[in-house]
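> Quick check, what structure comes out for this input:
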Amino acid sequence: MVIPAEMRRELELEPGGTLMAHVESRRLVLERRDEILERLRDEVRGVRPRSVGAVDELIAERRAEAQKEAAERERSA
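Purely as a prediction, here's the structure:
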C-alpha cells in the first residue's frame, strides 16, 4: 500500500516505515507501533494507580469477597 506523501508528512511517517493494521468499526486503521504502545500504557494507567500492583489488587478483591461470603453465612445461620 502506498500512502501519499502529503499524508506521510502530516503524520510524520518515514518512507518504508512499519505500521500496524487493525479493523475498528468496519474501518481499516493504520497506526505506528510506538503510538499503539503509548495508548495502551495510558489506558492501563487509567485503570489502576501506579502505586497499586496487580497482585495487591487481586488480594484485596479476594479478601473483600471472603468477607462478603462470611457475612452472608452469618445471616443465613
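
> Would you mind pulling up the elements that the worst-scoring helix or strand of the chain on mean pLDDT packs against?
Taking mean pLDDT, DSSP states H and E as the measure, helix 33-47 is the helix or strand of the chain with the lowest mean score, a mean of 83. Other elements packing on helix 33-47 under the criterion 3 or more CB pairs under 8 Å, 6 or more residues apart in numbering; DSSP states H and E are absent; no helix or strand qualifies. Placement of C-beta: from N, CA and C, glycine included.

> so where's this structure shaky on pLDDT?
Residues of the chain that meet the criterion pLDDT under 70 lie in 47-52.

> So in it, which helix runs the longest?
In the chain, with assignment by DSSP state H, the single longest helix is helix 54-76.

> quick one, it and helix 33-47 angle?
Orientation check (axes from the mean of the first three to the mean of the last three CA atoms, to 10 degrees): helix 54-76 against helix 33-47 gives 30 degrees.
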